[in-house]
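Undergrad: I would like to see how this sequence folds:
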Amino acid sequence: MPKASLAKSESLYGVHPSVAMVQKWLAELKEETGRPMEEWLALVKKEGPKDEKSRREWLKTKHKLGTNKASWIAERVEGKGWEDTAEAYLKAAVQYVEEQYAGPKEKLRPIFDELLTLGKSIGDDVKACPCRTIVPLYREHVFAQIKPTTNSRIDLGLALTHYKGKFPKRIVDTGGLAKKDRITHRIEITGAKQLDGEVKKWLKTAYDLDA
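TA: Numbers count the residues shown, from 1 in each chain. The predicted structure is shown next:
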């Protein structure tokens, strides 16, 4: 199975680190449980309960699987769960973004596009890896994220745990520091005119802190 980190793509997006994790998990599943994923899926469909929650508990109680493995197998029976190839992820990533900016949030898409361009311009090693509800920006770790929080506002989340200076009023504390989340602050953006030098400065600050 190809390494996710070596995948080549013309996509705007990079491959999410979870893809490599899922590949490793699938490769080790037979050795750890006695069955590869294909056999687990066939067994659950043939003998297991009909709904995802019951399947998860059945896998844990009858087959002694841990919570993570039971959950992942139960999800995959339903056609859910993380993609396990770079190609599948990059295809899904485009759809994730389309869904985030559909309907009432469609008018926020130009702001997202500009933020994405700005974020990727901070460094050659920046990659954007969409999830279902947010688009994280990675260096070594997530240093920022783009989230359409309401129908009229995007929040640019920033990982500023180790920043020692004072924050301007524009930088909103998310409470992430107390909760030990990576994203500790955010900038609220409701229009493209707000994507100014200050936004770029704080993106660069978060990027540099992840060096």
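Undergrad: quick one: Ala211 and Asp125 touch, right?
TA: No. Ala211 is beyond contact range of Asp125, at 10.0 Å (criterion: C-beta atoms under 8 Å). (Glycine included, C-beta is placed from N, CA and C.)
Undergrad: so what sits against both of the two?
TA: Arg139 (C-beta atoms under 8 Å, 6 or more residues apart in numbering).
Undergrad: neighbour count: those two, which is higher?
TA: Taking other C-beta atoms under 10 Å, Ala211 and Asp125 do not tie; Asp125 has more neighbours (12 against 9).
Undergrad: so which bits of the longest helix anywhere in the chain are buried?
TA: Across the chain, the longest stretch assigned as helix under DSSP state H is helix 17-33. Neighbour-count burial for helix 17-33 flags Pro17, Ser18, Val19, Ala20, Val22, Gln23, Trp25, Leu26, Leu29, Thr33 (criterion: 16 or more other C-beta atoms under 10 Å).
Undergrad: ok, so of those residues, who is nearest Leu118?
TA: Nearest to Leu118 among the buried residues of helix 17-33, counting by C-beta to C-beta, is Pro17 at 22.4 Å.
Undergrad: ok, now how distant is that closest one from Trp82?
TA: 10 Å (C-beta to C-beta, to the nearest Å).
Undergrad: same check, this time on Leu118
TA: With distances taken as C-beta to C-beta, Leu118 is found 27 Å from Trp82.
Undergrad: list the strands paired with the top strand by length along the chain, with their directions.
TA: For the chain, the longest strand by residue count, based on DSSP state E, is strand 142-150. With DSSP bridges as the test, strand 142-150 is paired with strand 135-138 (antiparallel), strand 153-158 (antiparallel).
Undergrad: reformat those into TSV and put distance to Tyr101 and mean pLDDT next to each item.
TA: Below are the strands paired with strand 142-150 laid out as TSV (distance: least, C-beta to C-beta, whole Å; pLDDT from 0 to 100):
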stretch	distance to Tyr101	mean pLDDT
strand 135-138	10	98
strand 153-158	10	98
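Undergrad: and Ile146, which of those strands is closest to it?
TA: Of all these, it is strand 135-138 that lies closest to Ile146, at 4.5 Å by C-beta to C-beta.
Undergrad: all strands for this structure, in order.
TA: Using DSSP E, the strands found in the chain span residues 127-128, 135-138, 142-150, 153-158, 172-173, 185-189.
Undergrad: what's the fifth one in contact with?
TA: Contacts of strand 172-173 from elsewhere in the structure, counted by C-beta under 8 Å, 6+ apart, are Phe167, Thr184, His185, Arg186, Ile187, Glu188.
Undergrad: nearest to Arg56, of those residues?
TA: Arg56 has its nearest neighbour among those in Thr184, at 33.0 Å by C-beta to C-beta.
Undergrad: where are the low-confidence patches of this structure?
TA: 1-10 (pLDDT under 70).
Undergrad: most remote residue from the middle of it, which is it?
TA: Glu47 (33.1 Å; C-alpha atoms, centre = their mean).
Undergrad: how much space is there between that one and Trp72?
TA: Going from Glu47 to Trp72 by C-beta to C-beta gives 18 Å.
Undergrad: then Ala93?
TA: Distance of Ala93 to Trp72, given as C-beta to C-beta: 20 Å.
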